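In: Provided below are the primary sequence and the corresponding predicted coordinates.
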Amino acid sequence: MKTFPSNLKIYFDTCCLNRSFNDQTQTWIRQETEAIQILLKSCFTEQWLWITSDVLIFEVNNTPNQIQRDYMKAQLDRADQNVSVGAIENTRGQELEAFGFKWFDALHLACAERSKVDVFLTTDDRLIRRANRIRALLQVRVENPYIWLQEKIRDGRTRND
């Protein structure tokens, strides 16, 4: 088994935590779910650091489905660091919202930037497309978890082979 670089800081948005509750009969959803599970496991084994935020906690706490909410809360309990939303995050969130991000997505991104994560992972294709359009203005890389994991696997093969 290939090993990944250590000490990467990862931010998963709410879409990622919800992915295992989506229809797994679609191949791409199943691939994303499996990638998220692998990435979380890497965080849980202390290979990588999982960064969360007050925004993520708020969204999880407001998940209507009790089973989903309990599952995600149990996952959040294992995170390494939580970013509080303060004036800096709110101001940056407003800047990002002006670029067309939804308010909660903008706050997620602001928290990820503030904590200097290596990657912000989301399964929200619209958020990824918007982030790619203004990539130069963001201080964080925004990626799909499946695609990003495949990249890390390829990088590991290149370095270790």
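Out: All right, it came through fine.

In: Every contact and neighbour count from this point should use C-alpha atoms.
Out: Noted.

In: remind me which residues of this structure are low pLDDT?
Out: Applying pLDDT under 70 to the chain picks out residues 1-6, 157-161.

In: if you set the cut-off to 90 instead, what comes out?
Out: By pLDDT under 90, the low-scoring segments of the chain are 1-7, 44-47, 152-161.

In: what ranges do the helices span in it?
Out: Secondary structure of the chain (DSSP state H): helices located at 14-18, 27-44, 54-61, 66-76, 87-98, 103-114, 125-133, 145-160.

In: burial measure for residue 123, as a count.
Out: A count of nearby residues for residue 123, using other CA atoms under 10 Å, gives 23.

In: So it sits against residue 145, correct?
Out: Yes: taking contacts as CA atoms under 8 Å, residue 123 lies within contact range of residue 145: 7.0 Å.

In: got any residues that touch both of the two?
Out: 16, 32 (CA atoms under 8 Å, 6 or more residues apart in numbering).

In: List of residues touching stretch 30-39?
Out: By CA under 8 Å, 6+ apart, stretch 30-39 touches 16, 19-20, 24, 123, 144-146, 149.

In: circling back: can you tell me which of the helices of the chain comes nearest to residue 139?
Out: helix 103-114 (5.5 Å; CA to CA).

In: one step back: among the contacts of stretch 30-39, which ones are buried?
Out: 16, 19-20, 123, 144-146, 149 (16 or more other CA atoms under 10 Å).

In: Farthest pair within those residues?
Out: 20 and 149 (16.6 Å).

In: Could you tell me the end-to-end distance of stretch 39-49?
Out: 10 Å (CA to CA, to the nearest Å).

In: Next, the buried residues of it.
Out: Neighbour-count burial for stretch 39-49 flags 39-40, 42-44, 47-49 (criterion: 16+ other CA under 10 Å).

In: just to revisit the earlier point, return the most buried member of the helices of the chain.
Out: helix 103-114 (a mean of 23; mean count of other CA atoms under 10 Å).

In: tell me what that one is packed against?
Out: Contacting helix 103-114 under the criterion 3 or more CA pairs under 8 Å, 6 or more residues apart in numbering; DSSP states H and E are the following elements: strand 49-53, helix 54-61, helix 87-98.

In: Show residues contacting it.
Out: 11, 13, 51, 53, 55-56, 83-85, 89-90, 92-94, 96-97, 120, 127, 138-140.

In: ok, residue 14 touching residue 59?
Out: Yes: using CA under 8 Å, residue 14 is in contact with residue 59, at 7.0 Å.
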